[in-house]
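A.B. asks: Quick one: sequence and predicted model below, then my questions.
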Amino acid sequence: DGQVVDVLGHTLAGIGGGQFYYDPEDSTSADNNGTVIVTSSGERWKASNLTQSIVYSVGSGGDFDTINEAIKRLSNKRQYDPDTRVTLTLEAGFVMYEQLFVDSADLSWFSIESVDSEVVIDRASLTETYPNLDFNSTPAFLAVNGGQLPLINCQFNMNTTGTADNLKQHGIMVAWRGGVTVGQNSGVKNATGRGLYGVHGFAYARNSNFSGAGTYGCRAGNGSVFNIRDSDFSGAGLAGLYTAISTVSAVNADFSGSALVAVRSIQGSLITLTDANLQNATQYALLMEGGVVQGDGMNFSGYGDRGIQATSGVFIGSGTTCTSGTGRAVNTVSGAEVRIPNSTITGIVNANLFVASSGSSIVATSCTTSKTIAGADFVSFSGAEILSNGTTGEYSKTPNVINSSGVIRANVVTSSRGLATILNTTSSIVVTHGLGVTPSTSDISISPINGEAASSAWRVGSANSTDFTLSVNSSVTSDAGYAWRVDVI
């Protein structure tokens, strides 16, 4: 009564073992090959409810020869004890001549660790795919259909055996609600394709290492959600990070040394790049083709063509740093918006610093800047707008004058804008700007927005700290609409 024993296994050592206690009150329970053992004399021994944390070795001379064999043999442990956790320790010299695919099942209660500081993945062994998987991918690790991979708690390194195929041979792939957690100083280095790859997948990989990928260090697409803070995706063959319609937290992550682009965002992604390292990208440090990127403190020094190239979307990053680069530091087109106040943009070679066109905008206020050639630091054309308060530089056009090339606003203390309508049969309207300071008439810009307004000669009358008067020479014959803006210089 009250006896407790440690069982090596039920039928086979290592399977169904753990701590069991004797239950003298039970004479009817059947042996279930797991949590209840019935002895030859009829005693009932039952598995303790204490959480089990069991370690098995994998490799030559270990408990199991392969990772797949171990998981197949041990996966029923949770059936009998839902608190069981299993650690698979890869023996010294272990080489991964296999792929681990998890379809629908939750194997997050397994952890894969290793004796060696790095475990080799044999690329030639990556031959299997999964039906309808993108590019018929053959990753080393795959979770699909809500499946959860074991905790990857060791560093893998893909070798170069066999034929390279950078569309297929990825490190870890999570697809269709599949997920993975990658431990510190763990991951897959030198994947021929993508290091960490998601297609509507989920990943938590903080302080992990996926450096040296042949294409993308991290590729998150189709609604993936990734937390990759403090992780290393440096030295990628195409981009350190490439996102599409996904959410990625990459605070303090390393995307440096990418052979093409450090970070690329398209199609409505949301990325956090606070304090991230985007240095030494061969072409662009950040290529924005949609989405919202937050990048306070981001470093994009050493780019080869553009620092931030934005064709759509919004970048917001105060205190960014770029101490060297070839080509424009910030280039925006097609309505894109880049805000980099309080940033350091110096040592730029052979280019203008901030160039906005085609209705786009740049906010570069209170920045420290320098470049190696003479010419404009701020350039706007085709209806673009640049705000440069507190940043010293040369302008491609007279500041604070709106025309077809757009406007470069300099030393603007405060501003306000809106719409005003002079009603039919009237000749004036009092417009409330609400700035609390009195603008001069030269601080007020008026643009007609309909035919009646365009055909009427307008003028700005008296102004005070609250409003100003907009008048026409004679009463209008229909409502006349105007867009107005006040910039107190």
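C.D. replies: Now that the structure is in, tell me what you want to look at.
A.B. asks: Name the next helix or strand downstream of the worst-scoring helix or strand of the chain on mean pLDDT, please.
C.D. replies: When each helix and strand of the chain is scored by mean pLDDT, DSSP states H and E, helix 77-80 comes last, with a mean of 64. The helix or strand immediately downstream of helix 77-80 is strand 85-90, counting by DSSP states H and E.
A.B. asks: partner strands of the helix or strand following that following strand, parallel or antiparallel?
C.D. replies: Once the chain leaves strand 85-90, the next helix or strand it forms, by DSSP H and E, is strand 95-96. Its sheet considered, strand 95-96 pairs with strand 119-121 (parallel) by DSSP bridges.
A.B. asks: in the partner strand, what's buried?
C.D. replies: The neighbour-count check on strand 119-121 (16 or more other CB atoms under 10 Å) flags 119, 120, 121 as buried. Where C-beta positions appear, they are placed from N, C-alpha and C, glycine not excepted.
A.B. asks: And the contacts of it?
C.D. replies: Identification of contacts with strand 119-121 by CB atoms under 8 Å, 6 or more residues apart in numbering yields 90, 94-96, 140, 154-159, 171, 188.
A.B. asks: could you point out where the stretch 51-200 of the chain is predicted with low confidence?
C.D. replies: 51-52, 78-82 (pLDDT under 70).
A.B. asks: residues contacting the residue nearest the centre of the chain?
C.D. replies: Centroid-nearest residue in the chain: residue 248, 2.9 Å away (criterion: CA atoms, centre = their mean). By CB under 8 Å, 6+ apart, the contact set of residue 248 is 218, 220, 224, 225, 226, 227, 228, 241, 269, 270, 271, 272.
A.B. asks: Could you do residue 337 as well?
C.D. replies: Residues near residue 337 by CB under 8 Å, 6+ apart: 310, 313, 314, 315, 360, 361, 362, 363.
A.B. asks: One more: residue 269?
C.D. replies: The contact partners of residue 269, by CB under 8 Å, 6+ apart, come to 220, 243, 244, 245, 246, 247, 248, 290, 291, 292, 293.
A.B. asks: Can you pull the phi/psi pair for the fifth one?
C.D. replies: Translated: residue 246. Note on residue 246: backbone dihedrals following degrees, to the nearest 10 are phi -140, psi 170.
A.B. asks: Let me know how buried it is, in neighbour terms.
C.D. replies: A count of nearby residues for residue 246, using other CB atoms under 10 Å, gives 26.
A.B. asks: any idea of the pLDDT on it?
C.D. replies: On pLDDT, residue 246 comes in at 97.
A.B. asks: So it sits against residue 223, correct?
C.D. replies: Yes - at 6.2 Å, residue 246 counts as touching residue 223 under the criterion of CB atoms under 8 Å.
A.B. asks: the strands in the stretch 101-250 of the chain, which residues?
C.D. replies: With DSSP state E, counting those that start in this stretch as the criterion, the stretch 101-250 of the chain has strands at 110-114, 119-121, 141-144, 151-152, 155-158, 172-175, 179-182, 187-189, 196-199, 202-205, 216-221, 225-227, 239-244, 247-249.
A.B. asks: Equivalent analysis for the stretch 351-489 of the chain, please.
C.D. replies: Under DSSP E, counting those that start in this stretch, the stretch 351-489 of the chain gives strands at 354-357, 361-363, 368-371, 378-381, 384-387, 406-409, 414-422, 428-432, 444-448, 458-463, 467-472, 480-488.
A.B. asks: Restricting to C-alpha, output the last one in PDB.
C.D. replies: As requested, C-alpha coordinates have been extracted for strand 480-488 and formatted as PDB (Å, rounded to 0.1, in the frame of the first residue of the first chain):
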ATOM      1  CA  ALA A 480     -17.400  76.800 -55.600                       C
ATOM      2  CA  GLY A 481     -15.100  74.300 -53.900                       C
ATOM      3  CA  TYR A 482     -11.500  74.900 -52.800                       C
ATOM      4  CA  ALA A 483      -8.800  72.900 -51.100                       C
ATOM      5  CA  TRP A 484      -6.700  75.000 -48.700                       C
ATOM      6  CA  ARG A 485      -3.600  74.500 -46.700                       C
ATOM      7  CA  VAL A 486      -1.900  76.700 -44.200                       C
ATOM      8  CA  ASP A 487       1.900  76.300 -43.500                       C
ATOM      9  CA  VAL A 488       3.200  78.800 -41.000                       C
END
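A.B. asks: who does it pair up with?
C.D. replies: Applying DSSP bridges, strand 480-488 is found paired with strand 414-422 (antiparallel), strand 444-448 (antiparallel).
A.B. asks: The fifth one too?
C.D. replies: Based on DSSP bridges, the pairing partners of strand 384-387 within the sheet are strand 361-363 (parallel), strand 406-409 (parallel).
A.B. asks: buried ones in that strand?
C.D. replies: The neighbour-count check on strand 384-387 (16+ other CB under 10 Å) flags 384, 385, 386, 387 as buried.
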